[in-house]
Every structure is written in structure tokens, then in C-alpha cells.
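Enquirer: Here is my input, please return the structure:
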Amino acid sequence: MTSVTTKLVKDGNSIAVRLPKTLLTMSGLYGVVRLEAKKGQITIKQDKKHPRDGWEEQIKEVLSSKEYSKDDNFSDLDNASNDGLKNLPWSGPSYEEWLKNNEKH
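Expert: Model prediction:
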């Protein structure tokens with residue numbers, strides 16, 4: 001285990017700690033992390049959970065519930081889909097291409 005002494009520094013309205021690149025590389029941490037605080041210590045752990053995990057099940061649950069009504073919840077969807085954007089030039093990927101490139105691996 002490697003340890004480094006560093007200072008807490010003011011960063012706007014927050015307090016920051018600078019992590020040396022070598023220490024961060026050694027830890028293998030990247031992307032989203034979880035901070036846990038106990039008296040006298042803060043632990044940084046890799047957050048393995050994707051922010052949208054569980055959304056598919058939640059959406060299916062809402063759609064199958066008795067309280068759900070397409071007309072009530074999406075009454076303005078036709079207005080939004082008829083906003084004229086279909087006729088604007090677009091050089092980006094199609095929705096299908098985007099899904100293919102961004103699917104979970």
C-alpha cells in the first residue's frame with residue numbers, strides 16, 4: 001500500500017484534494033467513484049453501478065401499472081414530434097446507429 005501526504009485546498013465554494021497521477025493510476029480508479037466518510041477518514045471506491053441501472057425495469061413497471069395512461073402522460077408528445085425538426089439537416093448518427101454504438105458491453 002502506498003500513501004501520500006497532501007493538503008486540502010480551497011476550490012471555489014468547495015474543498016479539494018489533489019491526487020497525484022501515479023497514485024490514481026496505481027489505484028485503478030476511473031470515471032464515477034463513490035466517496036464514503038467516517039470520522040477522520042474519507043474512502044474513495046470505484047462505483048460499479050451504472051447511473052441508469054434499473055431504469056428498464058422501472059419503465060416496464062410504470063407501463064404495466066393500472067395508474068399509467070398513455071393519453072394522460074404523453075398528451076403533448078404529438079406536438080413535440082411534429083415540431084418540424086425532421087426537415088432540418090443532420091450529419092450525426094441515426095437513432096439506430098447511436099443505439100448500436102452506445103449499447104452496454
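Enquirer: Low-confidence regions, the protein specifically.
Expert: 51, 68-81, 104-105 (pLDDT under 70).
Enquirer: Show me the strands in it, by range?
Expert: Along the chain, the stretches classed as strands by DSSP state E are 8-11, 14-17, 33-38, 41-46.
Enquirer: could these be laid out in a markdown table, adding mean neighbour count and distance to residue 86?
Expert: Quick note: C-beta positions are derived from backbone N, CA and C, even for glycine. Shown next, in a markdown table, are those (neighbours: other CB atoms under 10 Å; distance: least, CB to CB, whole Å):
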| stretch | mean neighbour count | distance to residue 86 |
| --- | --- | --- |
| strand 8-11 | 9 | 45 |
| strand 14-17 | 10 | 44 |
| strand 33-38 | 9 | 41 |
| strand 41-46 | 11 | 42 |
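Enquirer: what about the longest helix in this protein?
Expert: Ranked by residue count, the top helix of the chain under DSSP state H comes out as helix 55-64.
Enquirer: hang on, the earlier thing: can you lay out the strands of the chain as JSON lines showing distance to residue 55?
Expert: As requested, these are arranged in JSON lines below (distance: least, CB to CB, whole Å):
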{"stretch": "strand 8-11", "distance to residue 55": "32"}
{"stretch": "strand 14-17", "distance to residue 55": "29"}
{"stretch": "strand 33-38", "distance to residue 55": "19"}
{"stretch": "strand 41-46", "distance to residue 55": "21"}
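Enquirer: So what's the residue count around residue 47?
Expert: The number of residues packed near residue 47 is 13, by other CB atoms under 10 Å.
Enquirer: Just want the phi and psi numbers for it.
Expert: Main-chain torsions, residue 47, degrees, to the nearest 10: phi -90, psi 110.
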